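following is a predicted model, sequence given first.
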Amino acid sequence: MNTHPYLRAYMAGTVVPSLALLVALTVFIVTRLVLQVPIPLERVIIFPMALVPNAFGLWNILYVWSRPHRHLPIGLHGALLPVILASIGAFSAVCGGFLAIGAHGVTWFQAISVPYMVVALWFLGAVVLYYLVWKYVVGFLNQVLGIA
């Protein structure tokens, strides 16, 4: 009997970002509608809502597929994902006109300037967060589903 390990890997991978996006969408709605923030956040939130859960699922399929060939701990495997997502996100934001890259930092929506040091710290934080999520949550879900 076929146990469909890749389907289970995809489903285990999409749980965490799907739940996180519910929280992000709630924060977005409160920020945009209640606090009346004039920055067009709806143009930016579409990218994570469309890409991140699918990326987590596909990344977990890649982990399950590559496990017999190369044993990379799941936390390190997950910590590589922000590099890919940040690259795709930055490229899309520059092409879409949401992000401008300058000499001293990046500018979002021609309104919010962020120095490169802050961008680097946020990126490092994302790598650590992804490491922990993949090591403890996605790894646990993989064990529960019998694909670890």
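Alright, I've got the coordinates.

quick one: residue 113 is in a strand?
Yes. Remark: residue 113 belongs to a strand, assigned using DSSP: H, G, I helix; E, B strand; the rest coil.

make sure it is actually in contact with residue 101.
No. Between residue 113 and residue 101 there is no contact under CB atoms under 8 Å: 11.3 Å. Yep, even glycine has a C-beta here, placed from its N, CA and C like the rest.

any stretches of the chain with poor pLDDT?
Low-confidence segments of the chain, defined by pLDDT under 70: 1-2, 39-44.

what sits against the most centrally placed residue in the chain?
When CA atoms, centre = their mean is applied to the chain, the residue found nearest the centroid is residue 52 (4.7 Å). Applying CB atoms under 8 Å, 6 or more residues apart in numbering, we find residue 52 in contact with 17, 21, 85.

quick one, helices of the protein?
For the chain, the helices defined by DSSP state H cover 5-29, 42-66, 74-79, 81-96, 116-132, 139-144.

output those helices in TSV, with distance to residue 36 appended to each entry.
Shown next, in TSV, are the helices of the chain (distance: least, CB to CB, whole Å):
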stretch	distance to residue 36
helix 5-29	12
helix 42-66	14
helix 74-79	37
helix 81-96	24
helix 116-132	25
helix 139-144	39
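
which of these is buried the deepest?
Of all the helices of the chain, helix 74-79 carries the top mean neighbour count, a mean of 20, counting by mean count of other CB atoms under 10 Å.

what packs against it?
Applying 3 or more CB pairs under 8 Å, 6 or more residues apart in numbering; DSSP states H and E, we find helix 74-79 packed against helix 42-66, helix 116-132, helix 139-144.
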